[in-house]
Every structure is written in C-alpha cells, then in structure tokens.
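1. Whatever this is, show me its structure:
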Amino acid sequence: MPVLSKHLFFKLSRLLLFSILLLGLTQELFALPLKTTILNPEKQPVGRALVYIDYIELQELDGTPLGRLGFVNIQGGFQMFVVRDDGQQNLVGSAKNRGFLTKMEN
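-> Residues are numbered from 1 along each chain as shown. Just a heads-up that it's a prediction; the model follows:
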C-alpha cells in the first residue's frame, strides 16, 4: 500500500509540474498584444503599435504611450475612435463607415 501511494504522489507531482510549465508556455504561444513598428513614408520607424483584439495602443519608439485606437460596430456600421493618452483620456477624433477621421476640438 505505501508503494502505491508513493507512486501516485510522484505521478501527481509530475502532473502539477507539467501543468505549471504549460500555463507559462501558453502565455508565450498566444501572446497578445501583437507588437509592430509604425513606419513613415520613407520606411523609417516612428512609433510602435500594440495590437489587441478590440483596440490598438500607440506608443513612441521608447515605449511612451501616445493613445489608443478603438473600433466599434454600432447598428451595422463601424466607428473608429482615437483617444490621446494624456492622463485625461481625451477623445481626439472619430470616423464612421470608412470615412475620414473627424478631428475633435479640445
């Protein structure tokens, strides 16, 4: 009987260790955000974008937050919102159904 419990203990401890390792690896395999560089027309890096499922974070090259871009489906049409990351989360502009970005006055 003690041999059986010892064997079961080792199996459970290996299973626990495997589970912990698997949890750590899944963070790397399905890692969000997708990180990308924003280029200017001359193909020079000017910033970074962190792409999540429902919004995009815009950053300077050094990682300083600039703002967020969000997309919302409202009554069958899409709206895009741009929010400046200045501590007050000010709305900078919006666009509807592939239209031009409308600038908001501060």
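
2. Please report how far the closest residue to V46 other than its chain neighbours lies from L61.
-> The shortest distance from V46 to any non-neighbouring residue, by Cβ to Cβ, 6 or more residues apart in numbering, is to N40 (4.9 Å). C-betas here are computed from N, CA, C, even on glycine. Distance, N40 to L61, using Cβ to Cβ, to the nearest Å: 12 Å.

3. hey, what's in contact with both of those two?
-> With contacts defined as Cβ atoms under 8 Å, 6 or more residues apart in numbering, the residues shared by N40 and L61 are V46.

4. Quickly list what A49 is bridged to.
-> Applying DSSP bridges to A49 gives these bridge partners: T36, L58.

5. dump the residue contacts of it.
-> K35, T36, T37, I38, I56, E57, L58, Q59.

6. CA atoms only for the host helix or strand of I56, dumped as CSV, please.
-> Element membership for I56 (DSSP states H and E) is strand 55-59. Once non-C-alpha atoms are left out, strand 55-59 reads as follows in CSV (Å, rounded to 0.1, in the frame of the first residue of the first chain):
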residue,chain,number,x,y,z
TYR,A,55,-8.2,48.1,-29.8
ILE,A,56,-4.7,49.2,-30.7
GLU,A,57,-2.3,51.1,-28.3
LEU,A,58,0.0,53.6,-30.0
GLN,A,59,3.5,54.3,-28.5
